[in-house]
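> 3D, please:
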Amino acid sequence: MTNPFSWALIRLEVTRTLRNKKFMFFSVLYPSMIYLLISGTRTDAGTIPHTDLTFQAFFMVSMASFGALTAVLMGNSERIAKEREKGWVRQLRLTALPGRGYVLAKIAGAAMVTLPCIVVVFLVAATVKHVRLDAWQWVALTGVICAGSLVFAALGVAIGYLAGGDAVRPLTMIIYFGLSILGGLWMPSTTFPQWLQNISEWLPTHAYAALGQAVEMGGAPHARDIAVLGAYFLLFTGGAAWLYRKDTLKA
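Model (predicted):
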């Protein structure tokens, strides 16, 4: 992505998003509030089944991932659908920005604004719930959650080109809550019936949270989780590019 227009678009996307008060609440404060609500129901020092993680540490990663998911999925899909209606995307096609540059800039720009979502959840967990990790783990957790959010940023772009202004929000909400709940972000997937666990293991949100949980337990992310996310990234990015080209031809 060497085109200067792509970098300019990324800077514009980041600036616009960080100035959005609705984004600041739902992506930054909302996940931390849910974390405090959920973790406040447990005061024991027990661990989540099949892990060595305490309830508070497990849900710290889940809610940081949920916050990043909110930022890149909800923000991208609705913004792109509105830009299409207002003709902004059509105007961009008249510039030197290539189609792939627009799609990649949208994905990268959305992923870059996940940092405040992640950091606030970590600060709340460390100060209020006394979650303690080594310095390298905090850095690694931030890195893997930011990197993993690219998958859902690509999905947000695809949804933005799939649905119109009126339909984009309900469609995004269904996908958003479905992936969050079934992927184990709101509750451990080990509490699901076995048939639902089998489905959950192949969802991108399950693999996404597993990246951070592996780091919390002192190891590296598992190859299977990386492979699952990589496959979904290619699928969503390819879908976004195809829908972009289709929208271009239609215009």
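> where exactly do the helices run in the stretch 1-150 of the chain?
4-18, 21-23, 30-39, 55-69, 75-86, 88-92, 99-112, 115-128, 135-162 (DSSP state H, counting those that start in this stretch).
> how distant is stretch 143-158 from the center of its chain?
Relative to the mean C-alpha coordinate of its chain, stretch 143-158 is positioned 5 Å out (C-alpha atoms, centre = their mean, to the nearest Å).
> my bad, stretch 59-71
In this view, stretch 59-71 has its centroid 7 Å away from the chain centroid, taken as C-alpha atoms, centre = their mean.
> any idea which of the helices of the stretch 1-150 of the chain gets closest to residue 200?
The minimum distance between residue 200 and the helices of the stretch 1-150 of the chain falls on helix 55-69, with 12.8 Å, by C-beta to C-beta. Yep, even glycine has a C-beta here, placed from its N, CA and C like the rest.
> quick revisit: so which of the helices of the stretch 1-150 of the chain gets nearest residue 245?
helix 99-112 (6.5 Å).
> now do the same contact list for the spatially most central residue of the chain.
Residue closest to the mean C-alpha point of the chain, counted by C-alpha atoms, centre = their mean, is residue 69 at 2.5 Å. For residue 69, the contact set (C-beta atoms under 8 Å, 6 or more residues apart in numbering) comprises 149, 152, 176, 179, 180, 185, 205, 208.
> what of residue 205?
65, 69, 179, 180, 182, 183, 184, 185.
> any stretches of the stretch 51-200 of the chain with poor pLDDT?
86-103 (pLDDT under 70).
> deepest of the helices of the stretch 1-150 of the chain, which one?
For these, the largest average neighbour count (mean count of other C-beta atoms under 10 Å) is found in helix 55-69, namely a mean of 27.
> now the contacts of residue 205 in TSV, with distance to residue 78 and secondary structure?
As requested, the contacts of residue 205 are arranged in TSV below (distance: C-beta to C-beta, whole Å; DSSP: H, G, I helix; E, B strand; the rest coil):
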residue	distance to residue 78	secondary structure
65	20	helix
69	14	helix
179	16	helix
180	17	helix
182	22	helix
183	21	coil
184	25	coil
185	20	coil
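> on that earlier part again, closest one of the contacts of residue 69 to residue 134?
Nearest member of the contacts of residue 69 to residue 134, counting by C-beta to C-beta, is residue 208, at 21.9 Å.
> excluding sequence neighbours, find me the nearest residue to that closest one.
residue 148 (4.7 Å; C-beta to C-beta, 6 or more residues apart in numbering).
> my read is that the one you found contacts residue 210, right?
No: using C-beta atoms under 8 Å as the test, residue 148 is too far from residue 210 to be in contact (9.6 Å).
> how about the CA coordinates for stretch 145-156, as CSV?
What follows is stretch 145-156, C-alpha atoms only, in CSV (Å, rounded to 0.1, in the frame of the first residue of the first chain):
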residue,chain,number,x,y,z
ILE,A,145,-5.5,-8.3,19.6
CYS,A,146,-4.7,-5.3,17.3
ALA,A,147,-3.5,-7.6,14.5
GLY,A,148,-6.4,-10.0,14.9
SER,A,149,-8.9,-7.2,14.5
LEU,A,150,-7.9,-6.9,10.8
VAL,A,151,-10.1,-9.9,10.2
PHE,A,152,-13.2,-8.2,11.4
ALA,A,153,-12.2,-4.9,9.8
ALA,A,154,-12.3,-6.7,6.5
LEU,A,155,-15.7,-8.2,7.4
GLY,A,156,-17.0,-4.7,8.2
